[in-house]
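Asker: Pasting a predicted model and its sequence here:
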Amino acid sequence: MTTLIRGGTVLSASGRCRADVLIDGERVVALVAPGDTTLGVDLAGAAEVVVDATGKYVVPGGVDVHTHMELPFGGTAASDTFETGTRAAAWGGTTTIVDFAVQRTGERVQDCLAAWHAKAAGNCAVDYGFHQILGGVDEDALKAMDELVGEGITSFKLFMAYPGVFLSDDGQILRAMQRARENGSLVMMHAENGTVIDVLVQQALARGETAPVNHGLTRPWETEEEATHRAIMLARLTGAPLYVVHMSAKQAVATLAAARREGLNVFGETCPQYLYLSLEEQLGAPGFQGATWVCSTPLRARSEGHQDQLWGYLRSGDLSVVSTDHCPFCLKEQKELGIGDFSKIPNGIGGVEHRLDLLYQGVVDGHISLERWVELCSTTPARMFGLYGRKGVIEPGADADVVVYDPNGHTSIGVGKTHHMNMDHSAWEGFEIQGKVDTVLSRGSVIVQDNQYRGRPGHGRFLPRGLSQYLG
Ligand code: URP
Ligand code: ZN
Ligand code: ZN
């Protein structure tokens, strides 16, 4: 099957050009200047499928390196399966996800990874890879890290939060980082001081402060900044690279930026919720409504200026990636577990469908350039996690994961409008985007077009990943 995407402006992290994109089977084979006849006078006539991209941007498919499909958490499980979650991703122009397999204390890492393979295999609409969460770092888990690297799981998430569930102590973190230093893998850190947070939570509950807003008030920026600093020091000590996930506090990013100025291999990720939403407006909404936006790290106070600073850090390059941390829970029977006790609200926001749109609105609003949009949503995540060349770019040899994005289109986000995630609400209800995902291709197959979903479960394949290409 040959496909020609004709008449668009092809965007990359480094520039833009008018070009037609020729696809043979699953791969891009050529970018052809409009009017060029080197490959024949009538390329459109010769191609079996022609996608008209006139007046539109042609961008590499989105790479979301932080999702939690079916994650068991807080006495329930994230409501998107790999089938529903990757279909929603496809609708929003994300053609690769990297999800987190979970290991807890006493569990064999290899068994946990096998369980995640079983959940995903045959169900995904788009390609997928895995990171491995290590919730119980012991001798076996450390050995397993080497084995997993050989199987294309080249990044490991550790937690400084959630004592008794996922938290690793500093000695465990040190040992995992030493191992990562040896085997070339990347440590991803949930940087919040969970021990301190647990005390603040118990004290708030004892005072009768039970509403959702207290989730944010008991996780103040100091707990994120302190943990980020500690993680950086441990990375410095071991020489291991570090990737700090879902950063929301400007002070934590400032600490990361200072370490980067010193030449340390430390990287930061943020998510659309930390750029647009706030403690006052969303988490602090009346009654129990704020539960919708309970996630960790928490939404921060707009009065403290975090959101604007984070946009600045995206421009300066100190934040490298925007992922979603897609971790959806319904209000009914899931978030509702925390009525009367905010600490029982399952942590997470669903957003895998909206990242490209929300960040494109950042282009419209003048926060970032078109090229930076592509870099943050596709190219850098692919490069950070060993997928670049195949994903994250439109060039000969790359997988033909392509989004045709219409800058003259419009997207109204919300339930009953654009909402394909398996949730009974949208954390992004009412957001209006001055742009629209028009057509999506995954490995050469059109999976979204004309407001229709044309994909299928099982089209998405497992992606064994190489080591981070930022560090090699
Ligand atoms: O609130 C969040 N972020 N839920 C997902 C689990 C995690 O820590 O990433
Ligand atoms: Zn986390
Ligand atoms: Zn997460």
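Answerer: Perfect, thanks for sending it. Numbering: from 1, shown residues only. Ligands and ions are numbered 1, 2, ... in the order given.
Asker: Check the gap between the most far-flung residue of the chain relative to its centre and residue 32 for me.
Answerer: With distances taken from the mean C-alpha point of the chain and given as C-alpha atoms, centre = their mean, the most distant residue is residue 41, at 41.6 Å. As defined by C-beta to C-beta, to the nearest Å, residue 41 lies at a distance of 12 Å from residue 32. For every residue, glycine as well, the C-beta is placed using N, CA and C.
Asker: For the closest residue to ligand 1 within the stretch 301-450 of the chain, which residues are in contact?
Answerer: Across the stretch 301-450 of the chain, the shortest distance to ligand 1 (C-beta to the nearest ligand atom) belongs to residue 347, at 3.3 Å. Each residue near residue 347 by C-beta atoms under 8 Å, 6 or more residues apart in numbering is listed here: 73, 74, 215, 294, 295, 296, 327.
Asker: quick one: secondary structure of it?
Answerer: Reducing the assignment at residue 347 to three states with DSSP: H, G, I helix; E, B strand; the rest coil gives coil.
Asker: which one is it nearest to, not counting chain neighbours?
Answerer: The spatial neighbour of residue 347 that comes closest, neighbours along the chain excluded (C-beta to C-beta, 6 or more residues apart in numbering), is residue 296 at 4.8 Å.
Asker: same check, this time on residue 352
Answerer: If the residues on either side of it in the chain are set aside, residue 352 comes closest to residue 326, at 3.8 Å by C-beta to C-beta, 6+ apart.
Asker: and what of residue 80?
Answerer: Beyond its immediate neighbours in the sequence, the residue positioned closest to residue 80 (C-beta to C-beta, 6+ apart) is residue 422, lying 4.7 Å away.
Asker: State the distance from that neighbour to residue 280.
Answerer: Taken as C-beta to C-beta, the spacing of residue 422 relative to residue 280 amounts to 29 Å.
Asker: Ok, residue 203 next?
Answerer: Applying C-beta to C-beta, one obtains 22 Å for the distance of residue 203 from residue 280.
Asker: Repeat that for residue 308.
Answerer: 14 Å.
Asker: next one: residue 386
Answerer: 39 Å.
Asker: Of the two, give the one with the bigger neighbour count.
Answerer: residue 386 (28 against 16; other C-beta atoms under 10 Å).
Asker: got the residues of this structure near ligand 1?
Answerer: When proximity is defined by C-beta under 6 Å from any ligand atom, the chain lies next to ligand 1 at 68, 190, 246, 295, 296, 325, 327, 347, 348.
Asker: ok, of these, which come out buried?
Answerer: For these, a neighbour count by 16 or more other C-beta atoms under 10 Å gives the buried set as 68, 190, 246, 295, 296, 325, 327, 347, 348.
Asker: biggest strand in this structure, by residue count?
Answerer: Taking DSSP state E as the criterion, the chain has its longest strand at strand 94-104.
Asker: that older thread, so the residue nearest to residue 347 sits against residue 219, correct?
Answerer: Yes. Here residue 296 lies in contact with residue 219, judged by C-beta atoms under 8 Å, at a distance of 6.5 Å.
Asker: intersection of neighbour lists for those two?
Answerer: Here residue 296 and residue 219 share the contacting residues residue 192, scored by C-beta under 8 Å, 6+ apart.
Asker: With adjacent residues omitted, what lies nearest to the closest residue to ligand 1 within the stretch 101-250 of the chain?
Answerer: Of all residues in the stretch 101-250 of the chain, residue 190 sits closest to ligand 1, at 5.0 Å by C-beta to the nearest ligand atom. Nearest-residue entry for residue 190: residue 159, 4.4 Å, with adjacent residues in sequence omitted and distances by C-beta to C-beta, 6+ apart.
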